[in-house]
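1. Below is the sequence, then the predicted model.
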Amino acid sequence: MQKVKHEQWASGFTFLLAAVGSAVGLGNIWRFPYVVAENGGGAFVLIYLAIVIVFGIPLLMSELMIGRGTQKPPVAAIQQMAHQSKASKLWNMLGWSYVIVPLGVLTFYSVVAGWTLDYAIAIGIGSLNNLQEGDSAKIFQELQDSPLKLIFWMTLSAVITIGIVARGLKSGLEKTVTILMPALFVILVLLMLYASITGEFIKSVAFMFDPDFSKITPELVLMAAGQAFFSLSLGAGSMMVYGSYLNRDISIPKMAVGVAFSDTLVALLSGFAIFPIVFAYGVEPTSGPGLVFVTLPIVFSDMGWIGQLFGFLFFLLLAFAAITSTISLLEPMVAQLSEGEKFSRARAAIYAGAAFWFVGIFVALSNNVLKDVHPLDFLPLFEGMNIEAVINFLAANVFMVLNGLLVSIFAGWAIKRSITLEELGMGDSMLFKIWFMLVRYVVPIGVAFIFYDVVL
Ligand code: PFF
């Protein structure tokens, strides 16, 4: 198929580091634990695992296949696949969605990445020591109420992201993930060991793995699917563009399983780093998004110097996890803009970066200066949502899911079977047939149901 004209990952392992770096992020360490806690623990984890296997892996394979098969960024990749399969030109629009949606995600993701930088430094220099009752919630609220602080940290996370992506695949992305991913893993295991030894480990196991089936409701399935899509970086171009730097002799099914497995493992490990401490201190795990930013600092402050050390490590871990994801969110648009040397990589990174940074400012202001601005109030679905909520909902709950739905139809129905057969390299085996059946019927129908439920 396509001749290789651009840089490629040094090896399958480097690709895995990068793709797992994209998948593992705030979604795993910040969001997963509180969503599990809010949705009844074990039942949620069980449904989540099922969705990763039935929807996640087949979709990951599809996105990687489109990228690798064409060796091109999303717009060009989908265009070429459609052309080779004599499919409709309308599919080109899907390619554009695959590069614009990640920029949308970046606008709010980089704001939260900014919080993690703020917290890492605050805990590191000891300003979160000796917290008294109510202090922690107040400190978090103060950050939300400080437009300049939020914009500063968001800008810093944007500058880091743009700087890395501008340097290109080898000296930018690859170098970053080979340093940050092992560091991230070591910190996470350290935290988990510490939490399990000193905290309520057994209780946490029961909480996460003992499902109460009566808690399984359509809403829970919906939450689990949304979490799985977000966590696996599906429907947002990152996996497709990372796939385009993959060498042709590397197995896509193996890589997809590797990414899904590692991402899920990190989500569960994060649970084991957080819940044992939460239970040991008798604090509520259902405190929502504040679980990590409000509850944990109280616990760390209570543990003296060791708490300061582990607290610093924890927020550093979050910051690293966020950066290896933000670079994968900027890469699709940058790869697209610099395709065919239209723009240099650095220029493309600055243009795309400036675009998300600019919108990111409005997101950073959503909970303070602009908190009463509800841009889509005239639509019932968006009533009462501030700017951040609208962008977050549109990007993560509408367009990522819609992209996933369309890409499964694209892979299952539009791309010629002979092409998928060759790309996936499994022969016409049972496994190929299972993948084919999943992307043709199960994923589109399942995701369409979810989508219907969320949006309509
Ligand atoms: N998977 C990342 C996380 O769990 O934090 C977020 C993400 C990255 C979503 C890249 C989408 C994406 F394309």
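-> Here it is on my side, so go on.
2. Measure how buried the closest residue to residue 364 other than its chain neighbours is and give me the count.
-> Distance criterion CB to CB, 6 or more residues apart in numbering; nearest residue to residue 364, sequence neighbours excluded, is residue 150 at 4.0 Å. Every C-beta, even on glycine, is put in place using the N, C-alpha and C of the backbone. Close neighbours of residue 150, defined as other CB atoms under 10 Å, add up to 24.
3. Which residues of the chain lie near the ligand?
-> 22-23, 25-28, 102, 105, 230-231, 233, 236, 238, 325, 328-329 (CB under 6 Å from any ligand atom).
4. Helices - which of these land there?
-> 22-23, 26, 102, 105, 230-231, 238, 325, 328-329 (DSSP state H).
5. Quickly find the element holding residue 374.
-> Using DSSP states H and E, residue 374 sits within no helix or strand.
6. cool, and residue 45?
-> In the assignment (DSSP H and E), residue 45 maps to helix 42-51.
7. Could you identify the helix or strand that succeeds the worst-scoring helix or strand of the chain on mean pLDDT?
-> In the chain, no helix or strand scores lower on mean pLDDT, DSSP states H and E than helix 290, which sits at a mean of 84. Sequence order places helix 296-302 as the next helix or strand after helix 290, per DSSP H and E.
8. Mind checking the pLDDT average for that following helix?
-> Averaging pLDDT along helix 296-302 gives 88.
9. Out of the ones in helices among the residues of the chain next to the ligand, who's the most crowded?
-> Counting neighbours by other CB under 10 Å, residue 102 leads these with 33 neighbours.
10. distance of the residue lying closest to residue 29 once chain neighbours are set aside from residue 21?
-> Spatially, and ignoring its direct neighbours in sequence, residue 29 is nearest to residue 270 (4.5 Å; CB to CB, 6+ apart). The gap separating residue 270 from residue 21 is 15 Å, by CB to CB, to the nearest Å.
11. what do you get for residue 383?
-> 37 Å.
12. ok, now residue 329?
-> 11 Å.
13. about what we covered before: and the host helix or strand of the residue nearest to residue 364, what does it pack onto?
-> With elements taken from DSSP H and E, the one containing residue 150 is helix 147-166. Applying 3 or more CB pairs under 8 Å, 6 or more residues apart in numbering; DSSP states H and E, one finds that helix 147-166 makes contact with helix 92-124, helix 135-144, helix 304-337, helix 345-364.
14. Could you give me the buried positions within it?
-> 149-151, 153-155, 157-158, 160-166 (16 or more other CB atoms under 10 Å).
15. So what's the gap between stretch 417-430 and the chain middle?
-> What separates the centre of stretch 417-430 from the centre of its chain is 28 Å, taken as CA atoms, centre = their mean, to the nearest Å.
16. List the contacts of stretch 159-177.
-> Under the criterion CB atoms under 8 Å, 6 or more residues apart in numbering, residues 6-10, 14, 17-18, 21, 106, 110, 245, 323-324, 326-331, 334, 345-346, 349-350, 353 lie in contact with stretch 159-177.
17. low pLDDT regions in the stretch 351-456 of the chain?
-> Counting by pLDDT under 70, the stretch 351-456 of the chain shows low-confidence ranges at 456.
18. which residue does it bring closest to the ligand?
-> Residue of the stretch 351-456 of the chain nearest the ligand, by CB to the nearest ligand atom: residue 400 (6.8 Å).
19. Neighbours of that residue, how many?
-> 25.
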